[in-house]
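>>> Pasted the sequence and its predicted model underneath.
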Amino acid sequence: MSDPKFVMAIDQGTTSSRAIVFDHDGQIVSSGQLEHEQIFPRAGWVEHDPVEIWTNVRDVVGLALSHGDVSALDIAAVGITNQRETAVVWDRHTGKPVYNAIVWQDTRTKPIIEELGGDEGADRFKDAVGLPLATYFTGPKVTWILDNVEGARERAEAGDLLLGTTDSWVLWNMTGGPNGGVHATDVTNASRTMLMNIDTLDWNPDICAAMGIPLSMLPEIRSSSEVYGTGRRQGFLHDIPIAGILGDQQAATFGQACFEKGMAKNTYGTGSFLLLNTGTTPIRSQNGLLTTVCYKIGDQAPVYALEGSIAVTGSLVQWVRDNLELISEASEIETLAAEVEDNGGAYVVPAFSGLFAPYWRSDARGAIVGLTRYVRKAHLCRAVLESVAYQTRDVVEAMNADAETEMTELKVDGGMVGNELLMQFQADQLGVDVVRPKVTETTALGAAYAAGIAVGFWNGEQDVIDNWAEDKRWSPTDERDEVGRQYRSWKKAVERTLDWVDEDTR
């Protein structure tokens with residue numbers, strides 16, 4: 001039998017699940033993708049059905065294999081990447097979730113966050129875990145499930161329930177589920193729960209106790225690149241090693257070959273997430289950023305990052321399409337935006353579920369400001385795209401301050417990087433080059449690399465660096481005075497969104 005020729009990545013994302021097969025050069029051979037339902041029970045609540053996600057994962061693996069005429073025997077290893085903070089709680093004996101997955105965008109845990117903060121406020125656990133108290137993270141979502149699902153807390157305390165982000169849910173099911181499934185996660189996902197010590201990379205029992213989460217529910221924390229187990233579902237990647245796990249944004253950083261301290265990437269997806277490699281020492285942010293684990297290869301030392309998380313970027317275009325019905329296809333927004341030279345004085349701040357980095361204001365709500373009779377649909381479309389670049393600049397300004405260095409270029413990936421107008425405007429706002437790789441599916445690619453390195457398919461980071469290739473580069477062209485004026489107006493627009501949610505607003 002010939003040696004395996006490919007590595008597969010399973011990308012369990014916010015809106016869909018995908019499986020992508022890569023060859024040794026890091027090129028896409030085939031893929032399969034299925035969307036899952038976005039469930040909105042109330043304003044601010046966002047859920048997914050974990051059973052639908054698992055069913056779709058199985059289906060997209062089959063689609064990827066069939067589309068590429070690839071046998072499972074051709075696969076050397078499988079890597080998993082995932083929407084990170086989304087919480088799943090399920091029964092270890094039956095495999096049935098006790099509640100829908102609570103998605104990272106969900107804001108229902110605000111009262112829990114406020115109670116946990118008490119007199120110490122949002123930074124109560126920040127020194128230990130690198131994160132502020134915020135609705136974004138996994139731990140409080142699990143607390144909500146245990147407090148609000150009938151019988152859940154009793155079952156958890158009896159040792160019958162497990163918790164995890166969606167990587168753990170997929171891994172457990174792939175490796176046997178109730179029949180010996182591996183319950184594990186990697187350091188990057190664990191670093192998003194608010195439950196892991198950022199320095200020692202183990203669970204913090206005191207914080208778990210404060211959130212009312214039994215330690216028996218927690219997955220084992222492993223590195224990002226090692227063999228966790230093998231596929232045990234007959235006919236579904238049977239006996240294939242599952243050997244890489246990275247949260248989606250860390251996976252994209254890995255796929256972009258950001259292995260040197262000071263290298264940065266931004267992924268423009270449902271939200272946008274900018275990570276800066278800070279080396280083997282975690283940097284505590286003083287400017288509203290998150291301290292997170294970037295990756296850990298086997299027994300090597302962990303590599304850390306500063307992260308700026310932006311809740312709404314690509315999903316803002318979806319909102320313009322589906323809610324406002326200003327466009328019928330997402331791609332139309334660039335065409336309309338290009339019809340005008342500027343935003344006409346209008347600014348869109350998409351604080352639909354509050355503002356994430358660097359503000360961390362759950363009381364903010366979205367606003368369109370600066371409207372006059374002059375403004376038309378094309379101006380609003382341009383303002384939507386510009387808001388993505390402004391939010392990214394907010395994060396870069398904070399990142400430069402924390403790292404005490406100036407970013408020299410920004411690698412970019414994700415669904416929005418095909419938008420030429422946005423990429424040029426981003427370069428103008430940042431004053432540095434913006435660089436797009438030839439393979440833009442860097443999230444899945446990063447997970448594939450982590451898995452392939454673990455089984456010897458690739459020989460470490462140098463193979464990733466050698467495979468990376470530039471596709472296009474945008475350099476700043478606009479006058480800095482005009483750029484500064486635009487950004488000052490954006491900051492004024494952000495101020496208008498604050499303090500909106502109070503006792504009279506739900």
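It's in. Just so we're clear, the structure is a prediction, and the values are computed from it rather than from any experiment. Residues are numbered from 1 along each chain as shown.
>>> Mind telling me what element Gly32 is part of?
Here Gly32 sits within strand 28-35, counting by DSSP states H and E.
>>> Okay, now the unreliable bits of this protein?
1-2, 233-235, 503-506 (pLDDT under 70).
>>> can you rerun that using 80?
Scanning the chain for pLDDT under 80 picks out the ranges 1-2, 233-236, 404-406, 478, 480, 502-506.
>>> Tell me where the longest helix sits in it.
Across the chain, the longest stretch assigned as helix under DSSP state H is helix 377-403.
>>> who touches the closest residue to Glu35 other than its chain neighbours in this structure?
Excluding the flanking residues, the one nearest Glu35 by C-beta to C-beta, 6 or more residues apart in numbering is Ser16, at 4.4 Å. For every residue, glycine as well, the C-beta is placed using N, CA and C. Counting by C-beta atoms under 8 Å, 6 or more residues apart in numbering, Ser16 makes contact with 33-36, 56.
>>> how about the residues you listed, which pair is most distant?
The largest separation in the contacts of Ser16, counting by C-beta to C-beta, is between Gln33 and His36 at 10.7 Å.
>>> Please identify every residue contacting each of these two.
Common neighbours of Gln33 and His36 (C-beta under 8 Å, 6+ apart) are 16-17.
>>> circling back to that earlier point, mind giving me the packing neighbours of the strand holding Gly32?
Strand 28-35 is packed against strand 16-22, helix 50-67, with contacts defined by 3 or more C-beta pairs under 8 Å, 6 or more residues apart in numbering; DSSP states H and E.
>>> thinking Ile145 is in contact with Val98, fair?
Yes - the pair Ile145 and Val98 passes the contact test of C-beta atoms under 8 Å, sitting 6.7 Å apart.
>>> Touching both of the two, which residues are there?
89, 152.
>>> So for these two, which residue has more residues nearby?
More neighbours surround Ile145 than the other of Ile145 and Val98, with 24 against 20 (other C-beta atoms under 10 Å).
>>> For the more buried one, which residues are in contact?
Per C-beta under 8 Å, 6+ apart, neighbours of Ile145: 87, 89, 98-99, 102, 152.
>>> same check, this time on Arg42
Taking C-beta under 8 Å, 6+ apart as the contact definition, Arg42 lies against Arg108.
>>> Surely it is within a helix?
No - going by DSSP: H, G, I helix; E, B strand; the rest coil, the assignment for Arg42 is coil, not a helix.
>>> and it, backbone torsions?
phi -150, psi 170 (degrees, to the nearest 10).
>>> distance of it from Ile368?
24 Å (C-beta to C-beta, to the nearest Å).
>>> cool, and Arg480?
27 Å.
>>> and these two? which has more neighbours close in?
The neighbour comparison of Arg480 against Ile368 (other C-beta under 10 Å) goes to Ile368, with 17 against 10.
>>> quick one, strands of the stretch 201-350 of the chain?
All strands of the stretch 201-350 of the chain, identified by DSSP state E, counting those that start in this stretch, fall at 220-222, 225-230, 241-247, 264-268, 272-279, 290-295, 303-310, 347-349.
>>> who does the first one pair up with?
Translated: strand 220-222. Strand pairing for strand 220-222, determined by DSSP bridges: strand 184-186 (parallel).
>>> can you pull the contacts of the closest residue to Gly231 other than its chain neighbours?
In space, and not counting its chain neighbours, Gly231 is closest to Leu237: 3.6 Å by C-beta to C-beta, 6+ apart. Contacts for Leu237 (C-beta under 8 Å, 6+ apart) come out as 8, 61, 72, 75, 78, 174, 231.
>>> Relative to Met416, how far out is the residue nearest to the third one when sequence neighbours are not counted?
Using C-beta to C-beta, 6+ apart and skipping residues adjacent in sequence, the residue nearest Ala72 is Leu237, 5.5 Å away. In this structure, Leu237 lies at 31 Å from Met416, with C-beta to C-beta as the measure.
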